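>>> the sequence isn't on hand, but the structure is:
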């Protein structure tokens with residue numbers, strides 16, 4: 001038996017309860033076999049490796065439920081000057097940076113194909129656990145249609161290629177076929193653009209895309225495949241309502257929520273993935289990343305409404321899972337989202353639960369990850385600082401000392417502990 005024991009730390013297990021001082025977590029292979037006080041550690045026989053938390057905090061691996069691992073926004077001319085395959089090599093860095101921030105699981109919301117996921121699972125490259133949506137579905141002229149006023153198409157993500165079907169669809173039967181195509185390509189979750197968006201040339205966040213009937217077909221087709229969920233990019237109120245009424249599982253962004261939206265979310269148990277960082281990043285990176293003028297204008301319009309909507313949803317008790325839209329901003333900066341959530345009323349503990357337990361529930365993975373419990377995957381983060389006392393410290397990746405994914409240390413900022421035979 002080969003066991004790794006993390007000790008000498010404060011346990012924040014993701015459930016939202018009182019932290020445990022002088023705690024320990026033990027891992028055998030890829031699973032957790034003990035969580036609790038250090039004095040209650042059982043006796044392990046064989047090879048035991050110890051990791052010293054050095055007085056820091058021991059937490060579950062963090063989860064970001066809205067990322068784009070194949071993208072980091074940059075000026076159009078730079079994107080057009082790169083060969084197709086170059087994007088995949090860049091994604092290796094994006095995934096490594098994600099792990100370095102303590103993010104061990106993600107839901108990719110468009111642009112990442114099955115091969116990238118399999119490369120991580122087979123150990124060819126390092127990256128977080130992932131659910132992939134492959135291609136986001138959109139209407140002609142909607143958010144996701146890369147048509148520009150020049151008559152040319154310039155996509156944020158890679159264009160259609162084998163394994164990456166085109167997501168443009170109009171009408172019930174076209175929608176049905178498109179869902180079947182993304183499922184055939186290996187999608188774990190179906191992504192739809194139910195409204196316009198900030199970074200699209202031909203629409204506005206409050207424009208509504210797809211009818212309720214079209215959205216219902218998406219949910220129906222996804223449910224035929226062992227209960228696969230549908231997530232909706234939905235920013236305007238009417239599009240949000242259509243998505244909820246159709247049975248969609250989570251609302252991404254939710255910029256213009258009204259009272260009826262919130263009532264419907266509470267009634268149906270719909271998750272909100274707010275991505276507060278996304279419009280902030282559009283404005284911060286406007287010049288450096290070559291953000292289009294129309295995107296800057298729409299981000300400025302949306303940012304205050306976005307904050308107001310988050311506050312209303314949080315106070316009403318809507319289930320909120322952490323997501324960032326990473327790719328709009330640099331991968332590895334994900335945990336800035338927690339500070340933004342905290343500034344709008346969430347306690348530090350609530351933000352941690354949002355990026356652990358609730359995020360895992362949103363992804364349907366709460367039996368595997370999200371909390372430190374015996375039998376779950378050994379996805380663990382050790383921090384230098386206490387995020388309950390200094391949440392913003394998590395934004396500095398040097399405060400993420402150790403990251404463990406499935407029992408394997410994928411980041412360690414100190415010499416490896418020596419194995420001890422007992």
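Alright, I've got the coordinates. As the structure is a prediction and not an experimental result, all values here were calculated from the model.
>>> could you list the buried residues of whichever strand or helix holds residue 173?
Residue 173 belongs to helix 172-184 when assigned by DSSP states H and E. Judged by neighbour count using 16 or more other Cβ atoms under 10 Å, the buried positions of helix 172-184 are 174-176, 178-179, 181-183. No exception for glycine: its C-beta is placed from N, CA and C like everyone else's.
>>> reformat those residues as a markdown table; add pLDDT.
Output for the buried residues of helix 172-184, formatted as a markdown table (pLDDT from 0 to 100):
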| residue | pLDDT |
| --- | --- |
| 174 | 98 |
| 175 | 97 |
| 176 | 97 |
| 178 | 97 |
| 179 | 97 |
| 181 | 97 |
| 182 | 97 |
| 183 | 96 |
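>>> looking at these, which is nearest residue 249?
residue 179 (14.1 Å; Cβ to Cβ).
>>> which residue is the nearest non-sequential neighbour of residue 413?
residue 401 (4.9 Å; Cβ to Cβ, 6 or more residues apart in numbering).
>>> how close does that neighbour sit to residue 412?
Remark: distance between residue 401 and residue 412 (Cβ to Cβ, to the nearest Å) = 7 Å.
>>> more neighbours, the two?
Between residue 401 and residue 412, counted using other Cβ atoms under 10 Å, the more crowded position is residue 401 (23 against 14).
>>> so that one, which of the three states?
Following DSSP: H, G, I helix; E, B strand; the rest coil, we place residue 401 in the strand state.
>>> what's in contact with the helix or strand that the helix holding residue 173 is followed by?
Helices and strands here follow DSSP H and E; after helix 172-184, the next one along the chain is strand 190-193. By Cβ atoms under 8 Å, 6 or more residues apart in numbering, the residues outside strand 190-193 that reach it are 109-110, 133, 135-139, 142-144, 179, 182-183, 209-210, 215, 218, 221-222, 228-233, 243, 248.
>>> from the residues you listed, which land in strands?
With strands identified by DSSP state E, the entries of those that belong to them are 230-233.
>>> I'd like those residues laid out as a markdown table, including neighbour count, pLDDT and distance to residue 105.
A markdown table is the format used below for those (neighbours: other Cβ atoms under 10 Å; pLDDT from 0 to 100; distance: Cβ to Cβ, whole Å):
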| residue | neighbour count | pLDDT | distance to residue 105 |
| --- | --- | --- | --- |
| 230 | 26 | 98 | 19 |
| 231 | 29 | 98 | 15 |
| 232 | 33 | 98 | 21 |
| 233 | 31 | 96 | 20 |
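>>> got phi/psi on residue 362?
phi -60, psi -40 (degrees, to the nearest 10).
>>> and the helices in the stretch 101-250 of the chain, which stretches?
Applying DSSP state H, counting those that start in this stretch to the stretch 101-250 of the chain gives helices spanning 114-121, 172-184, 212-223, 237-245.
>>> out of these, which is closest to residue 327?
Closest to residue 327 of the helices of the stretch 101-250 of the chain, according to Cβ to Cβ: helix 114-121, at 13.1 Å.
>>> list the buried residues for the closest one?
116-117, 119-120.
>>> now that helix: average pLDDT?
Averaging pLDDT along helix 114-121 yields 98.
>>> got a list of contacts for it?
Outside helix 114-121, the residues that reach it (Cβ under 8 Å, 6+ apart) are 69-70, 88, 91, 95, 108, 125-130, 132, 134, 163, 185-186.
>>> what's the spacing between that helix and its chain's center?
Chain-centre distance of helix 114-121: 17 Å, with Cα atoms, centre = their mean, to the nearest Å.
>>> show me what contacts residue 53?
Contacts of residue 53 (Cβ under 8 Å, 6+ apart): 6-10, 382, 402.
>>> what is the nearest of these to residue 352?
When the contacts of residue 53 are compared for distance to residue 352 (Cβ to Cβ), residue 10 wins out at 12.5 Å.
>>> no further questions, thank you.
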